[in-house]
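Student: Next input, structure requested:
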Amino acid sequence: MAQRKVLIGLAVAAGVGVLSGVAHGPAARAQGKPPAAPAAPTNCKLYGKNCCDPAVAAHLPLAAIFKACGESDATFLGEAGSKDTCKYHFKVEGQKSDDTYVQVYAPQQKQVLEAPNDPFFSYKKVGKVYVADKAKSPKSAPMLAAQSGLYMPGKGYSVTINASTKVCTPAQAKKLAPAMK
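Tutor: Okay, the predicted model is just below:
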């Protein structure tokens, strides 16, 4: 009888060990830590394959785009996120939705340029942000006519905004500058 209790006890202990292995995985057990919780699903109005990383989106809130560019939930098609990038797409009558966006690019960097070093455009400083002002060559003029560019250095990162002029005119894009973080 005592042997039977010992065997049952060992079976229960083995079962608990197996279950903890399933729940925590071998890597977590080796470190003595429980596994990290899975990333919470991000609820967003999806345009691409992925929602924007909240850390990237925080550099230019969607509400700031609505306010500065005169857009709204009615014209907002959704967001497309990728590494260090968030693209907000908008509906503009007679235009392809892939061409009507405001893009936020915020990579982590060891060395951050204090001002943009761009061979195609000159920039003018507006507060803490640099705004693309003039094309340096006739070949780059159409690019500047199609989108406005903003650049802001940070500590360990920089933020670049490219806004389609079909969504946000150059004057409106300048109003995005104070909202950049």
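
Student: Look at the spatially most central residue of the chain and tell me its secondary structure.
Tutor: For the chain, the residue whose C-alpha lies nearest the mean C-alpha position (Cα atoms, centre = their mean) is Val56; its distance is 3.3 Å. Assigned by DSSP: H, G, I helix; E, B strand; the rest coil, the conformation of Val56 is helix.

Student: Contact partners for it?
Tutor: Gly81, Asp84, Thr85, Cys86, Val104, Ala106 (Cβ atoms under 8 Å, 6 or more residues apart in numbering). Glycine gets a C-beta too; all of them are placed from N, C-alpha and C.

Student: again, but for Pro61
Tutor: Taking Cβ under 8 Å, 6+ apart, one finds Ala179 in contact with Pro61.

Student: related to what we said a few turns ago, next one: the residue nearest to the centre of the chain from Val92, what distance?
Tutor: 23 Å (Cβ to Cβ, to the nearest Å).

Student: Please apply the same query to Ser148.
Tutor: Look at Ser148 and Val92: by Cβ to Cβ, they are 15 Å apart.

Student: if you count what's nearby, which of those two comes out ahead?
Tutor: Ser148 (23 against 17; other Cβ atoms under 10 Å).

Student: Could you give the bridge partners of that one?
Tutor: Ala163 (DSSP bridges).

Student: The one 5 residues further on too?
Tutor: Listed by DSSP bridges, the beta-bridge partners for Pro153 are Ser158.

Student: pretty sure it is touching Leu113, no?
Tutor: Yes: counting by Cβ atoms under 8 Å, Leu113 is a contact partner of Pro153 at 6.4 Å.

Student: who's more crowded, those two?
Tutor: When Pro153 and Leu113 are compared for neighbours, Pro153 comes out ahead with 16 against 12, by other Cβ under 10 Å.

Student: what sits against Gly78?
Tutor: When contacts are counted by Cβ under 8 Å, 6+ apart, Gly78 touches Cys44, Lys45, Leu46, Tyr47, Gly48, Tyr88, His89.
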